[in-house]
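Q: Just the structure for this:
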Amino acid sequence: MNVDGRLPSRRWTLLLAVLLTLTILVLLPLLVMKWDWHPRPVFLGPLRWLGLVPICLGIWLGIWSVTLLITRGEGTPAPWDPPQRFVLAGPYQIVRNPIMLGVLAVLLGEAVLAESVAMLFYLCLVAGVVCWYVVAIEEKGLEARFGDAYRVYKERVPRWVPHLLRKG
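A: Numbering: from 1, shown residues only. A predicted model of the protein is given here:
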């Protein structure tokens, strides 16, 4: 909140979201790898470059998902400026948390690319915090805001692992 009690503007909200994302996906991983007591305990050789696949997919999924929340949901992913409209388009049709899934994919790719066990531990820590937040806070808030529409959505769309083939 601002000094006068108002929420930050959409521009500031997006800037804060970008800074938080860069902290989680760049700054903290660099610190984890710097403090890694076994800098390269796993040797993947040229296979380590396969880590670029989940990094690119995760970035693409995150950008696509955030764009939908802004354009169709008339809000942002930030809890203080949430979407005003329920979004059921793009990746939200096959998984309930595509932004978080994108974050976890990027971290997995970084762990593979860096050949870092410490990064895998960091990934597990972030995944645990994300799971707790989604279940304990986010889903309850979405149910309160969108009611039955969100409850039906929860029954039909999985939280983390997408159903790529729809049952006829």
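Q: secondary structure element for the most centrally placed residue in the chain?
A: The residue lying closest to the centre of the chain (C-alpha atoms, centre = their mean) is Met100, at 2.0 Å. Under the criterion DSSP states H and E, the helix or strand holding Met100 is helix 98-114.
Q: if we can go back for a sec, what sits against the residue nearest to the centre of the chain?
A: Residues near Met100 by C-beta atoms under 8 Å, 6 or more residues apart in numbering: 130, 134. Placement of C-beta: from N, CA and C, glycine included.
Q: Just name the shakiest helix or strand of this protein by mean pLDDT.
A: helix 10-22 (a mean of 79; mean pLDDT, DSSP states H and E).
Q: So what's the residue count around the residue lying closest to Phe43 once chain neighbours are set aside?
A: Using C-beta to C-beta, 6 or more residues apart in numbering and skipping the chain neighbours, the partner closest in space to Phe43 is Glu115 (6.4 Å). Using other C-beta atoms under 10 Å, Glu115 is surrounded by 20 other residues.
Q: Could you pull out the buried residues of whichever strand or helix holds Val129?
A: Using DSSP H and E, Val129 sits within helix 117-133. For helix 117-133, burial by neighbour count (16 or more other C-beta atoms under 10 Å) applies to 117-120, 122-123, 126-127, 130.
Q: again, but for stretch 43-51
A: 48, 51.
Q: Average pLDDT for it, rounded please.
A: Taken as a whole, stretch 43-51 carries a mean pLDDT of 89.
Q: Show me how far that stretch is from its chain's centre.
A: 24 Å (C-alpha atoms, centre = their mean, to the nearest Å).
Q: now Pro82, what's its secondary structure?
A: Following DSSP: H, G, I helix; E, B strand; the rest coil, we place Pro82 in the coil state.
Q: what's the neighbour count on it?
A: The burial count for Pro82: 16, using other C-beta under 10 Å.
Q: Kindly report the same for Thr71.
A: A total of 10 residues lie near Thr71 under the criterion other C-beta under 10 Å.
Q: what's the spacing between it and Leu108?
A: According to C-beta to C-beta, to the nearest Å, Thr71 stands 28 Å off from Leu108.
Q: what's the answer for Leu28, then?
A: 15 Å.
Q: surely Arg159 meets Arg96?
A: Yes. With contacts defined as C-beta atoms under 8 Å, Arg159 counts as touching Arg96 at a distance of 4.9 Å.
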